[in-house]
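K.L.:
here is a sequence with its predicted model. Questions after.
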Amino acid sequence: MRLDRLDRWLGPCLVALAAIWLWLAFNYIPGARGEGEPGPRAFPVLLGLLLAGLGALMTVFAFTPPKPGSAEERISPVSRREAIIVAGTFGLLMFYAFLLEKLGFVLATPLVILLAMRGILRVRAWTASLLMAGGITLACWLIFVKLLEAPLPRGTWRWLLS
Amino acid sequence: MGLFFGSIPGLTFSMALALMLPFTFGMQAVPAIALLLGVYVGGMTGGSVSAILLGIPGTPSAAATIFDGYPMAQNGEAGIALGSAVIASTFGGLFSLVVMMLLLEQVAAIALHFGPAEIFALVLFGLSTICGLAERSLLRGLVAGVLGLMLMIVGLDELDGVARLTFGTVQLQQGVNLLVAMIGLFAVPQVIGTFIDHGHVEPLKLPHDVRARLPSLRQLRERFWLMARCACIGTGIGAIPGAGGPIAAFLAYDHARRFARKPGDFGKGELSGVIAPETANNAVTGGAMVPLLSLGIPGDPATAVILGGLLIHGLHPGPMLFQTHLQTIYALYFTIVFAYVVILAVQIGGIRLFVRVLQVPPHILAVCIIVLCALGSYAIRNSIFDVYLMGLMGLFGYVLQRLRIPVAPVVLGLVLGETLEKQYRTALILSEGSYQVFFASGTALAFYALTALTIGLQFWSGARARARAAGRKAG
C-alpha cells in the first residue's frame, strides 16, 4: 500500500480521535476555578486541537497530488500470519498478567513460555520447550528473587486448596 | 547487559535500560544510576561488534562503522577492527566525560536563574527534538509527540489534584507510568517482529576464531588528531537533544573521508573508517549528559530512561542537583570512567563470548524478553495492573510502528509533558493570565528561536532529501 493512501484514512482517524479526546476533556475534566487561570482542562484541550490540526494537515497532504518524479513510499500489507502473531503475542501478555495474579511467578512463567514456544513459535520438540520453560523460570528466580530480592507475584492460587 | 543488548542486532540498549530500571529500586541511588550508565555506555560500544562481524549494526549508532568495519572483517582483519573500535570508543567516551565535567556546573548555574516561562521555553525546545527523532516524516513525529503528551494527561493533575480521564479507576490515578510505557513501546514490538521473522530469516553466519587485536601505537598516533576531532563532533552533537549517536557517527565518518589522504580507500576496509564513527558515537554519551543533568532535558530514549531512573531515586536533574547532590554527581563521573575500563577489558578479552551471544537464536531471546517485560512492569509498583498496561502499550507501539509513526517522540512527550504543562500553568497563574510572560525574557526568546531553528532545519533537510530522491528517480 502506498503511504499517501494510508494517510487518506489515517488523517481523518486522527481528527476523529482528537474529537473524541476533546469530548472527553470537556465532559470529564473540570475547567478553571478562577477567570484567566488555566485549569486542568486547558492543556488537554490544547493537545486535542493540536492533534486535530495535524490530522487535518495529513489528510490535505495525502490528497495533494505528488510532485512529478517524487519518491513513492510503500508499506507492506498486514498478512494473516502477522495478524495471528500480533494477536497471539498480545493475548499471551494479557494471559501472563492474569496467571501472574492467580498462580504467581513460579507457576505462570513456565506455562506462558510453553505457550509461546508451541503456540506462537510452533516449536515441535517438547524437550526443547520444557527445557526453555524450566531454564528461564529458574534463571529469573535466581536473579530476581535471590540476587536482587525483587518482590515477584506469588499468586492467589491457595484458594484452590480451601 | 549494555554490551550484550548493544551487540545483538534488533535488541536496543534503550530496551535494556527500560527492562533493568525496575530492578534498581531496591538499590541505593548511586549503584542504581551506575548500573544504568554502565548499560548506556556499554550499549553504545557493543553495537560495533555485529557491525564489524556481520555487517549489521547492533545499534543505529554503529551503522556508519559497517562501511569499513565489515570490509575489514571480510579481508581477515576483524580482530584489528574490533580492537580499534573499542579503543576509539573508550577514547571518545572519556573525552566527552571531561567536557561534560567542565560544562555541567556552568550550564546548571545559568539555569538556576530560570523562572517558569524560561523553563517552559526550554522544555518546548527539548520537545522540538522530536524533529530529530521523527525519522522520515516530521508530521508523523509531531503526531507521536502529541500522543505522548496525551498519555501524560491521564492521572491526577499535579497542580489541582483533579483526576483526569481515569474513569474512576484507582490504578490510573497515578497515571501511565513512564517505565511501563517504555517497556511496552520498545520491547513488545521488537518481540512481535522477532516472532514474525522466525523461520523466515537465515541464521547469522559468523567468522570462525575471532580475537580482538589492539592497533599498534603507530596506527593510533597517526590517527590521534582524527580521534580528537571526532570526539569533539560527537560531544557537540550529543549535547543537542534529539541529534544522537547515528548523526554524530555519520558526520565523523564523512569528516574522516573528506580529510583523508586517500579518500578512495574508504569503504574498502580503511581503519580510520572504523575509528572515526566509533569515537564520535561514544563521545555522544558525555555530550548527552550535559542537557540531561544540568537542565533535565533528555536527548534520546536512552537518556529519557536514565532521567526516569534519576527521578525514581530522588535525584531531580536540573540546577538544584548540583546544590543538593554534588557528591552523587562526582560518583557518577567515576562510574562512567569505571564502565569504560570494564568495557575495554571485556571487549578485548571476551570477544569470543560476544560471538557466542550473537549465535543465540533471536526467538529464544524474544521469549526471555516477554518474561522480563512482565516482571519489570510488575516490579515498578508491585502492580499486576501495570503488566496489563504494558501489554496494551506494546500493542499501541506495534500499531504505531506499522503506521510508520515513530515511537521515540511518544516517550519524549511522556517524559517532558508534565514539566511543560506545570510551567505553562504556573507562569500564567503568576502573571494573572497574561500571555506576555512567555515573551518577556531574552532567555525564553532565545529558546523559542532555537526551537524554530530546529524545526526549520528538519523541514529543510526533509525537503532536500525528497528533492535528491526525486532527482535520482528522474535520472
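P.N.:
That came through, no problem.

K.L.:
skipping its backbone neighbours, what lies nearest A:V45 in space?
P.N.:
Spatial nearest neighbour of A:V45, chain neighbours left out: A:A25 (5.4 Å); criterion: CB to CB, 6 or more residues apart in numbering or on different chains. For glycine as for every other residue, the C-beta is placed from the backbone atoms N, C-alpha and C.

K.L.:
what about the one you found, how many neighbours?
P.N.:
23 (other CB atoms under 10 Å in any protein chain shown).

K.L.:
same question, A:R33
P.N.:
With other CB under 10 Å as criterion, A:R33 counts 9.

K.L.:
using the three-state scheme, assign it.
P.N.:
Under DSSP: H, G, I helix; E, B strand; the rest coil, A:R33 falls in the coil class.

K.L.:
wouldn't it be in contact with A:G39 here?
P.N.:
Yes: judged on CB atoms under 8 Å, A:R33 makes contact with A:G39 at a distance of 6.4 Å.

K.L.:
who touches both of the two?
P.N.:
The contact sets of A:R33 and A:G39 overlap at B:D160 (CB atoms under 8 Å, 6 or more residues apart in numbering or on different chains).

K.L.:
remind me what the helix or strand that B:L453 is a member of packs against, helices and strands.
P.N.:
B:L453 belongs to helix B:442-474 when assigned by DSSP states H and E. Identification of packing neighbours for helix B:442-474 by 3 or more CB pairs under 8 Å, 6 or more residues apart in numbering or on different chains; DSSP states H and E yields helix B:116-128, helix B:130-133, helix B:138-153.

K.L.:
between those, which one is nearest to chain A?
P.N.:
helix B:138-153 (4.9 Å; CB to the nearest CB).

K.L.:
can you tell me if the closest one touches chain A.
P.N.:
Yes: counting by CB under 8 Å from any CB of the partner chain, chain A has neighbours in helix B:138-153: B:L139, B:L142, B:V143, B:V146, B:L147, B:L149, B:M150, B:I153.

K.L.:
any idea which of those residues is closest to B:L293?
P.N.:
B:L149 (23.7 Å; CB to CB).

K.L.:
show the pLDDT at that closest one.
P.N.:
On the pLDDT scale, B:L149 is placed at 94.

K.L.:
contact partners for it?
P.N.:
Neighbours of B:L149 in contact, by CB under 8 Å, 6+ apart: A:L47, B:G413, B:L414, B:G417, B:L420.

K.L.:
distance to B:A88 for those residues - can I get that in a markdown table?
P.N.:
Formatted as a markdown table, those follow (distance: CB to CB, whole Å):
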| residue | distance to B:A88 |
| --- | --- |
| A:L47 | 43 |
| B:G413 | 35 |
| B:L414 | 34 |
| B:G417 | 37 |
| B:L420 | 38 |
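
K.L.:
and the residues you listed, which two are furthest apart?
P.N.:
Largest separation among the contacts of B:L149 by CB to CB: A:L47 and B:L414, giving 12.6 Å.

K.L.:
returning to that earlier point: from the contacts of B:L149, which single one is nearest B:G442?
P.N.:
B:L420 (20.5 Å).

K.L.:
against chain A, how distant is the closest one?
P.N.:
The span separating B:L420 from chain A equals 8 Å under the rule CB to the nearest CB, to the nearest Å.

K.L.:
for the residue of the stretch 51-200 of chain B found nearest chain A, grab phi and psi.
P.N.:
Scanning the stretch 51-200 of chain B for proximity to chain A using CB to the nearest CB identifies B:D157 as nearest, at 4.2 Å. Phi and psi for B:D157, reported as degrees, to the nearest 10, are phi -70, psi 130.

K.L.:
list the contacts for it?
P.N.:
A:P40, B:A163, B:R164.

K.L.:
filter the residues you listed down to the ones in helices?
P.N.:
Residues of these located in helices (DSSP state H): none.

K.L.:
nearest to B:A248, of the residues you listed?
P.N.:
Nearest to B:A248 among the contacts of B:D157 is B:R164, at 38.9 Å by CB to CB.

K.L.:
quick one: the closest one and B:M152 touch, right?
P.N.:
No: between B:R164 and B:M152 there is no contact under CB under 8 Å: 9.9 Å.

K.L.:
the two: who's more crowded?
P.N.:
B:M152 (26 against 23).

K.L.:
the more buried one reaches B:K422, doesn't it?
P.N.:
No: between B:M152 and B:K422 there is no contact, the gap being 10.8 Å when judged by CB under 8 Å.

K.L.:
mind showing which ranges of chain A have poor pLDDT?
P.N.:
A:36, A:67-72, A:157-162 (pLDDT under 70).

K.L.:
which residues of the stretch 301-450 of chain B fall in helices?
P.N.:
For the stretch 301-450 of chain B, the helices defined by DSSP state H, counting those that start in this stretch occupy B:301-312, B:319-324, B:326-349, B:351-358, B:362-381, B:384-402, B:408-430, B:442-474.

K.L.:
pull out the buried residues from the host helix or strand of B:L251.
P.N.:
Using DSSP H and E, B:L251 sits within helix B:244-258. Neighbour-count burial for helix B:244-258, with 16 or more other CB atoms under 10 Å in any protein chain shown as criterion, is recorded at B:244-253, B:255-257.
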